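Student: got a predicted structure plus its sequence, pasted below:
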Amino acid sequence: MVQTDISQLSAECTEWRQILRNYRDELQESKKSLESICRKDLERKNLQDVEHFDNQFHIQLINIHDLKQFIKAHQRKIGIESSSGETIGEETYTEHEALLDQFISLVSTLQELRNEFKNFISAVSC
C-alpha cells in the first residue's frame, strides 16, 4: 500500500515537471513570435502590449523554473523517505498538496497568458 502511494506521488511530480517543461518551451516560442512582431511598424498601444508580454514571459519562465526546482526537491525527498524504509510522513503529503495547488495556480496563469497572447497576435496580424 505504501509503495503505491510513493510511486503515485513520484509519478505526479514527474508529470508536473513535464507539463512545466512544455509550457517553458511554449513561452520561449512565444518570445520568438513577439520578437518577429517587433520588426513590424506598431502603434503605441501595441508597443505597450509588447512590453507587457515580454515582461510576463520573463516572469513566468522564472516561476516555471522555481516551481520545477521545488517539485524536483520534493521528489528527491520522497525517494529518500522511501529508500530509508520510512513511511511517507504527513508533512510530505502536506507539501505535495501545497505543490499541487501552486502547480494548478501557475498552469491557470499560463493558460490565461497564452490566450491573451493569441488574441494580441490576432489583433496585430489584421
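Tutor: Done, it's in. Numbers count the residues shown, from 1 in each chain.
Student: give me the helices and strands touching the longest helix seen in the chain, please.
Tutor: Longest helix of the chain, by residue count under DSSP state H: helix 44-83. Packing partners of helix 44-83 (3 or more Cβ pairs under 8 Å, 6 or more residues apart in numbering; DSSP states H and E): helix 2-37, helix 90-125. Where C-beta positions appear, they are placed from N, C-alpha and C, glycine not excepted.
Student: now the angle between helix 90-125 and that helix, please.
Tutor: Orientation of helix 44-83 against helix 90-125 (axes from the mean of the first three to the mean of the last three Cα atoms, to 10 degrees) gives an angle of 160 degrees.
Student: now helix 44-83, how far from the chain's geometric center?
Tutor: 5 Å (Cα atoms, centre = their mean, to the nearest Å).
Student: how about stretch 79-96?
Tutor: That offset, for stretch 79-96, works out to 24 Å (Cα atoms, centre = their mean).
Student: what does stretch 87-104 give?
Tutor: 17 Å.
Student: and the contacts of that stretch?
Tutor: 2, 5-6, 9, 12-13, 16, 19-20, 67, 70-71, 74, 77-78, 81-82 (Cβ atoms under 8 Å, 6 or more residues apart in numbering).
Student: which of those residues are buried? Put it as a ChimeraX command.
Tutor: When burial is assessed using 16 or more other Cβ atoms under 10 Å, the buried subset of the contacts of stretch 87-104 is captured in ChimeraX by this command:
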select :6,9,12,13,16,19,20,67,70,71,74,77,78,81,82
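Student: make a markdown table out of the helices and strands packed on helix 44-83 and add distance to residue 52 and mean pLDDT.
Tutor: Below are these laid out as a markdown table (distance: least, Cβ to Cβ, whole Å; pLDDT from 0 to 100):
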| stretch | distance to residue 52 | mean pLDDT |
| --- | --- | --- |
| helix 2-37 | 10 | 91 |
| helix 90-125 | 9 | 95 |
